[in-house]
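Peer 1: next input, structure requested:
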Amino acid sequence: MDVIESIKRQIADNPVILYMKGTPDFPQCGFSGRAVHILDQCGAEYAFVNVFEAPEIRENLKLVSQWPTFPQLFVKGELIGGSDIMMELYESGELQKLLAEVKTAGERKA
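Peer 2: Just a heads-up that it's a prediction; the model follows:
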């Protein structure tokens, strides 16, 4: 499977996935740390990919998302954006609603 297909599979297989620099426990840039903090404030369960440990994903994700910077948050297969957009959505309450829909859908499957 090529890298593009692998990225698309990750996005499809994970209702919430954050491509970030570092890990949630040890973010390696302020924007990634901010993204983790926002998701934590929402009580979100999410997968993550440390793009420093996956340079092929770091280079090719931009081709999939058409977004040049990190972090990148995807919810239900759709790009939400980086930490600035996440903060705007969080402050308006929209991010909490979106993440609650994912959580509710997951609970229905169980």
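
Peer 1: any buried residues in the helix or strand hosting His37, and which?
Peer 2: For His37, the host element (DSSP states H and E) is helix 30-41. By neighbour count on 16 or more other C-beta atoms under 10 Å, the buried set for helix 30-41 is 31-39. No exception for glycine: its C-beta is placed from N, CA and C like everyone else's.

Peer 1: can you give me the helices for this protein?
Peer 2: For the chain, the helices defined by DSSP state H occupy 3-13, 30-41, 55-65, 83-92, 94-109.

Peer 1: still on that earlier bit, let's have the buried residues of helix 30-41 in a markdown table, adding pLDDT and distance to Leu89.
Peer 2: Shown next, in a markdown table, are those (pLDDT from 0 to 100; distance: C-beta to C-beta, whole Å):
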| residue | pLDDT | distance to Leu89 |
| --- | --- | --- |
| Phe31 | 97 | 15 |
| Ser32 | 98 | 17 |
| Gly33 | 97 | 17 |
| Arg34 | 98 | 13 |
| Ala35 | 98 | 11 |
| Val36 | 98 | 15 |
| His37 | 97 | 14 |
| Ile38 | 98 | 9 |
| Leu39 | 97 | 11 |
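
Peer 1: how about these, which pair is most distant?
Peer 2: Using C-beta to C-beta, the buried residues of helix 30-41 reach their maximum pairwise distance at Phe31 and Leu39, which is 12.9 Å.

Peer 1: rewinding a little: tilt between the helix holding His37 and helix 83-92?
Peer 2: Angle, helix 30-41 to helix 83-92, by axes from the mean of the first three to the mean of the last three C-alpha atoms, to 10 degrees: 30 degrees.

Peer 1: who are the packing partners of helix 30-41?
Peer 2: strand 16-20, helix 83-92 (3 or more C-beta pairs under 8 Å, 6 or more residues apart in numbering; DSSP states H and E).

Peer 1: distance to Lys8, mean neighbour count and mean pLDDT added to these, as CSV?
Peer 2: Putting the helices and strands packed on helix 30-41 into CSV (distance: least, C-beta to C-beta, whole Å; neighbours: other C-beta atoms under 10 Å; pLDDT from 0 to 100) gives the following:
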stretch, distance to Lys8, mean neighbour count, mean pLDDT
strand 16-20, 11, 24, 98
helix 83-92, 21, 16, 97
